[in-house]
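Enquirer: Just to be clear, the model below is a prediction. Sequence and coordinates:
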Amino acid sequence: MPSLSAKVLTERLESLVAQGLVSCSRSPGFPVRTCYALTPAGMVLRPLLVELYRTGEALLGELTQD
């Protein structure tokens with residue numbers, strides 16, 4: 001999502017962490033690395049998100065062909 005700013009991405013990820021859909025881990029050292037992963041609750045939603053993505057891609061392809 002190239003038009004998404006780092007600030008908005010961070011806010012969205014923090015919200016997903018707070019909702020228990022994504023986990024966040026930080027590695028020690030410099031620079032600190034942050035890793036996000038789906039939790040078991042987030043994994044339940046994964047098939048739905050994949051299908052939404054596929055549908056969006058298909059619709060975008062149809063809309064740009066007109």
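Expert: Ah, there it is.

Enquirer: And stretch 11-30, end to end?
Expert: Distance across stretch 11-30, first residue to last, is 23 Å (Cα to Cα, to the nearest Å).

Enquirer: Would you mark the buried spots in it?
Expert: Within stretch 11-30, the residues scored as buried using 16 or more other Cβ atoms under 10 Å are Leu16, Leu21, Val22. Where you see a C-beta, it was placed from the backbone N, CA and C, and this is true even at glycine.

Enquirer: With stretch 38-46 instead?
Expert: Judged by neighbour count (16+ other Cβ under 10 Å), stretch 38-46 contains these buried residues: Gly42.

Enquirer: Mind checking which of the buried residues of stretch 11-30 are in strands?
Expert: Among the buried residues of stretch 11-30, the members falling in strands (DSSP state E) are Val22.

Enquirer: Tell me the one among the buried residues of stretch 11-30 nearest to Pro40.
Expert: Each of the buried residues of stretch 11-30 was scored against Pro40 by Cβ to Cβ, and Leu21 proved nearest at 9.7 Å.

Enquirer: Just give the nearest non-adjacent residue to the closest one, would you?
Expert: Using Cβ to Cβ, 6 or more residues apart in numbering and skipping the chain neighbours, the partner closest in space to Leu21 is Gly42 (3.9 Å).

Enquirer: So, low pLDDT: which residues of this protein?
Expert: For the chain, the stretches with pLDDT under 70 are 1-2, 64-66.

Enquirer: so where do the strands sit in it?
Expert: 22-27, 33-38.
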